[in-house]
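Participant: pasting the sequence and the predicted coordinates here, then a few questions.
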Amino acid sequence: MVPERTVLVTGASRGIGLAITRKLCHEGAQVLGIARSARDADFPGTFVPCDLSDARQTADTLQTLTRDHHVDAVVNNAGIALPEPLGQIDLANLHTVLDLNVRAAVQTVQACVDGMRERGWGRIVNITSRAIFGTRDRSSYSAAKSALTGLTRTWALELADHPITVNAVAPGPVDTDLFHRTHPAGSAAEAAALHTIPMGRLGRPEEIAAAVCFLLSDDAGFITGQTLCVDGGGSIPGR
Ligand code: NAD
């Protein structure tokens, strides 16, 4: 990452978002980290409390942020998964999952993109998932992350000549609260997930952060519209 760039990271208080924030701050970037509440008293960046599931509160927060800061890059990391098999999908849950993963990302990027265009430099990284290739019991989640994949390519086309790059990072199972909520340590569900990963282990949040920080860097300036799978080989076809 180029020092002194300002990066807005959503879902920054724990897991992958916190690892991204730590690495960016270590590299000299200024991080504006949105989450509902800071778990860590010494959050490394500027903590911005906001419930992104509330569109009005999100609009107010983004208005203040973009008034007070030049946001050079956005990492849409906040996400939610509510697993349900087909036939038992609760439409309210479908709406919740699409709303946080997709609407909040669109709203965040829309608030920041004009500034990036004006300054002639920008980076957007969307955190999707291996679920874009299909995952049992994850209809809402795979639909939401597939929508983010489509937005990644569409925004890459619309922003290429500014030049602002837009890419996605698609993690496999990563050792975070979100993963362990549905795959408790030592459970059959965790063993089944690991069985699908050729490397036979969970990813570490820092390994996802490394890919994100590369895509945010000047070195990645000719990469746009791509999805980088960081999943221990879990997306290799026919595995
Ligand atoms: P996590 O649940 O550990 O952390 C999620 C972060 O998002 C937290 O900081 C939380 O405060 C924030 N967040 C959640 N809802 C919010 C809301 N309404 N408003 C503001 N902030 C909110 O999750 P994680 O595992 O670190 O996942 C981060 C991203 O990576 C998500 O988009 C997730 O879908 C994706 N992902 C995770 C895995 C995995 O195995 N952990 C795999 C693939 C993709």
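Facilitator: Arrived safely.

Participant: how about the longest helix anywhere in the chain and the ligand, touching?
Facilitator: The helix that spans the most residues within the chain, counting by DSSP state H, is helix 139-159. No - using Cβ under 6 Å from any ligand atom, helix 139-159 stays clear of the ligand, with a minimum separation of 6.9 Å. Quick note: C-beta positions are derived from backbone N, CA and C, even for glycine.

Participant: can you give me the offset of that helix from its chain's centre?
Facilitator: 12 Å (Cα atoms, centre = their mean, to the nearest Å).

Participant: please apply the same query to stretch 208-215.
Facilitator: With Cα atoms, centre = their mean, you get 11 Å for stretch 208-215.

Participant: need the contact list for the residue nearest the centre of the chain.
Facilitator: The centroid of the chain falls nearest to Asn77 when counting by Cα atoms, centre = their mean (2.3 Å). By Cβ atoms under 8 Å, 6 or more residues apart in numbering, the contact set of Asn77 is Val9, Thr10, Gly11, Ala12, Ile16, Gly17, Ile20, Ile127.

Participant: residues contacting Val74?
Facilitator: Taking Cβ under 8 Å, 6+ apart as the test, what Val74 contacts is Val7, Leu8, Thr10, Thr108, Val109, Cys112, Arg123, Ile124, Val125.

Participant: do the lowest-mean-pLDDT helix or strand in the chain and the ligand meet at all?
Facilitator: The helix or strand of the chain with the poorest confidence is helix 177-182; it has a mean of 92 (mean pLDDT, DSSP states H and E). Yes - Helix 177-182 is in contact with the ligand by Cβ under 6 Å from any ligand atom, via Asp177, Leu178, Phe179.

Participant: in that helix, what counts as buried?
Facilitator: Judged by neighbour count using 16 or more other Cβ atoms under 10 Å, the buried positions of helix 177-182 are Leu178, Phe179, His180.

Participant: point out where the protein drops to low pLDDT.
Facilitator: Across the chain, residues meeting the criterion (pLDDT under 70) sit at 1-3, 38-40.

Participant: quick one: secondary structure of Thr108?
Facilitator: helix (DSSP: H, G, I helix; E, B strand; the rest coil).

Participant: now for the strand ranked longest in the chain, which elements pack on it?
Facilitator: Assignment by DSSP state E gives strand 164-171 as the longest strand of the chain. Counting contacts by 3 or more Cβ pairs under 8 Å, 6 or more residues apart in numbering; DSSP states H and E, strand 164-171 is packed against helix 104-119, strand 122-127, helix 139-159, helix 205-216, strand 227-230.

Participant: now the longest one and strand 164-171, what's the angle there?
Facilitator: Relative orientation of helix 139-159 versus strand 164-171 (axes from the mean of the first three to the mean of the last three Cα atoms, to 10 degrees): 160 degrees.
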